[in-house]
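Engineer: Please find the sequence and the predicted model below.
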Amino acid sequence: MKPIGILDSGLGGVSVVLALRNAYPDMAMVYLADQIHAPYGNKSKQEICEIMEGNIRWFQQQGITEVLLACNTASSNALEYLHEKFPSMKIAGIIDVTVNQLNDADCVGVLATTATIASHAYKNKIEKRLSSFVIEQAAPDLVALIEGLANEQQLSSVLDVYCQPLEECDTIILGCTHYPLIKDQIAKKLSGKIIDSIEPIIQSFSTRNYPKGDVVLYTTKDPHHLQQQIKTVFKQRVEVLKGVVK
Ligand code: DGL
């Protein structure tokens, strides 16, 4: 069995990979941090589809047949396109598993990238499942700030603006895999229950076979820089980190 391919624009996907490795230490994964194209969330749907097509092709060249888009922006904008382009591959998004955690909520706030909010993927899926009122809030600066390892003060003033419209929500979805990295700071601004994609992603592997082997991380930018970011954010080193020329 070939490793599971995992894809995101950077640190958000790293948090998914590390959470999976923690839950399933023997799972074989190849992670691609497409940092050269980050942030995805400020790009058009067409650009996101084109970038994703190139990335899935890269996985295909590695012989990988199953890819998890550990990215809400790609899941909400490019999943259908990728299913059509790569019918022989198993490509999974993370919007459904995230929404499926909701059982009841009067008002759901969705904090996500501009492209995810523009797709209305969360709003549409939540409204199909529940009778909740949904407030969508785009956060155009957050991914760049997180990738740039912004300090608490820099994040706080930006979060004040993005969180204010969500103050009345009883449930908040962090609709970007980068945001769990600053969950504590978001929680200081909002009283609603905060949910994200990490736990349902872990659960999705709990009752199935998965490939056994190593975890290898690649970046489309600078491997040393990603190593440094991982050391700063996650307080750990990853064993295998390689660069990809694209
Ligand atoms: N972490 C990704 C997401 O879940 C991508 C964010 C970005 O690159 O803008 O949306």
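Structural biologist: Cool, got the structure. Numbering: from 1, shown residues only.
Engineer: Outside of the helix or strand of the chain with the lowest mean pLDDT itself, list whatever touches it.
Structural biologist: Using mean pLDDT, DSSP states H and E, strand 241-243 stands out as the lowest-scoring helix or strand of the chain, at a mean of 74. If you take C-beta atoms under 8 Å, 6 or more residues apart in numbering as the criterion, strand 241-243 is touched by 216-223, 226-227. The way it works is simple: take the backbone N, C-alpha and C, and place the C-beta from them, glycine included.
Engineer: where along this structure do the helices fall?
Structural biologist: 11-23, 45-61, 72-85, 95-99, 114-119, 121-129, 142-147, 152-163, 183-189, 198-204, 223-234 (DSSP state H).
Engineer: Generate CSV for the ones you listed, with mean pLDDT, mean neighbour count and distance to Asp170 as supplementary columns.
Structural biologist: Shown next, in CSV, are the helices of the chain (pLDDT from 0 to 100; neighbours: other C-beta atoms under 10 Å; distance: least, C-beta to C-beta, whole Å):
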stretch, mean pLDDT, mean neighbour count, distance to Asp170
helix 11-23, 97, 21, 25
helix 45-61, 98, 18, 31
helix 72-85, 98, 22, 21
helix 95-99, 97, 21, 16
helix 114-119, 98, 22, 20
helix 121-129, 97, 18, 13
helix 142-147, 96, 21, 22
helix 152-163, 96, 14, 14
helix 183-189, 97, 14, 14
helix 198-204, 96, 17, 19
helix 223-234, 93, 16, 29
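Engineer: The ligand contacts on the chain?
Structural biologist: Neighbours of the ligand within the chain, by C-beta under 6 Å from any ligand atom: 8-9, 12, 38-41, 71-73, 113, 116, 143, 176-178.
Engineer: circling back: show me which of the contacts of strand 241-243 is closest to Asn124.
Structural biologist: If you rank the contacts of strand 241-243 by distance to Asn124 using C-beta to C-beta, Thr220 comes first, at 30.8 Å.
Engineer: Return the residues in contact with the closest one.
Structural biologist: By C-beta under 8 Å, 6+ apart, the neighbours of Thr220 are 32-37, 243-244, 246.
Engineer: Can you give me the distance of the residue lying closest to Leu79 once chain neighbours are set aside to Val233?
Structural biologist: Closest residue to Leu79 apart from its sequence neighbours, by C-beta to C-beta, 6 or more residues apart in numbering: Gly93 at 4.3 Å. Relative to Val233, Gly93 is positioned 24 Å away (C-beta to C-beta, to the nearest Å).
Engineer: repeat for Thr116
Structural biologist: 22 Å.
Engineer: Then His120?
Structural biologist: Per C-beta to C-beta, His120 is found 30 Å from Val233.
Engineer: contacting residues for the closest residue to Ala112 other than its chain neighbours?
Structural biologist: Distances taken as C-beta to C-beta, 6+ apart put Gly175 closest to Ala112, at 3.2 Å, once the chain neighbours are dropped. By C-beta under 8 Å, 6+ apart, the contact set of Gly175 is 72, 98, 110-113, 116-117, 122.
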